[in-house]
Structures are given as structure tokens and as C-alpha cells.
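**Student:** test case, fold it:
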Amino acid sequence: MDKYVKLAKKAAEEYIKNKKIIALPTDLPSEFYRKTAGIFVTIHNQDELRGCIGTCLPAKDNIGQEIIDNAVSACSSDYRFYQITEDELQNLKYEVSVLSEPRLIGDIKKHNPKKCGIIAECGDGRAGLLLPDLDGIDSADQQIEIACKKGEINPQAGDIKLYCFTVEKHS
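**Tutor:** Next up, the predicted model:
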């Protein structure tokens, strides 16, 4: 199992079983302690999405802690779903997405939703994010519409800034 996924799984399972947040293990590769990045943790029960929580920019001191915190949130705090139960553990699949630093989109016509995620941000600080390469999302317009909906942003508003990012996906 991939080391990123293994950490997310360990963090989620400990929280689901015992409501405890694990300490950052000391035996991980050095990148887990020295690197920072936005991280999303996605959890499926078979093919059904059960949780997806993350950060578009680093919020913790390192990616190890970012994975732990987002794994716990994905299994317990995604407002779209009820908390994952212990009965589901044997069927769960985890994915960890390490985000590149977002950059302002200059020409939306060149944006590829299969390769790049999108962040829609309005002037009052609200923002919505959509990861790249999602089933059924084939155009930049679809990505923008969904990201705006997630951020409760009117897509017709004139003060929206669009950012793109890539992901290093671990599953």
C-alpha cells in the first residue's frame, strides 16, 4: 500500500474506532516532515463517495500532519455524509491528492479539467475547489459551475478569480 494512503487509512481507522487522532509516526520518509502542500483525502465505500476533505494551501507544518487531519475530517466531518462507521472499514478505499501551488488562470480556453483542478474565488473570500479528472466533468465550464456552487458563489459575478492546480494522486 502507498505510504500516503497507509497514513490516511491509519488516521481514519483510529478515529473511527476510538475517536482518537494519531500522532505523526516517526518512521515515515523525510518528505512527510519537511514538505508542505495542500492535501485532499477522499474516502469511498466500494464505489460510493463517503468523504472528501482537504486544503488548497498548506494549513499544517508538514504533509504528514496535513494527511492525518484531513483523513480524520473526511471520515467524520464531511457535511454531505453521515460519519463513517466501524462496520464500513473493510470496504473503504482511500485516495490522497497532493496539490501543487495554485496559479491564476490566464486563458480558461487552455484549461484542461482532466489534468488540472480549479479554484473559484470571489472578492469577499468565499471559494470553491474541484479536483481534476472527476467522472462526468469534461469541461472547464462544468468545473467552474461546480466549484462556484461548492463555494456558494454566483458564477455570473464579475469579481471571480480562477486558479488551477495539478495533483499528485496516491491510491
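**Student:** and the residue sitting nearest the centre point of the chain, which of the three is it?
**Tutor:** In the chain, the C-alpha nearest the mean C-alpha coordinate belongs to F40, at 2.2 Å (Cα atoms, centre = their mean). Under DSSP: H, G, I helix; E, B strand; the rest coil, the three-state class of F40 is strand.
**Student:** my guess is M1 contacts K9. True?
**Tutor:** Yes - under the criterion of Cβ atoms under 8 Å, M1 makes contact with K9 at 7.4 Å. Heads up, the C-betas are built off the backbone N, CA and C, glycines and all.
**Student:** what about P113, how many residues nearby?
**Tutor:** Counted with other Cβ atoms under 10 Å, residues neighbouring P113 total 21.
**Student:** so it versus E31, what's the distance?
**Tutor:** P113 sits 28 Å away from E31 when distances are taken as Cβ to Cβ, to the nearest Å.
**Student:** likewise for T166?
**Tutor:** Between T166 and E31 the distance is 17 Å, computed by Cβ to Cβ.
**Student:** follow-up on the earlier one: so M1 and K9 - more neighbours on which side?
**Tutor:** Neighbour count, other Cβ under 10 Å: between M1 and K9, K9 has more, with 21 against 10.
**Student:** okay, now I108: neighbour count?
**Tutor:** The number of residues packed near I108 is 13, by other Cβ under 10 Å.
**Student:** now do the one 4 residues further on
**Tutor:** The tally of other residues near N112 (other Cβ under 10 Å) stands at 12.
**Student:** so who does it touch?
**Tutor:** Shown in contact with N112 (Cβ atoms under 8 Å, 6 or more residues apart in numbering): A140.
**Student:** thanks a lot, catch you later.
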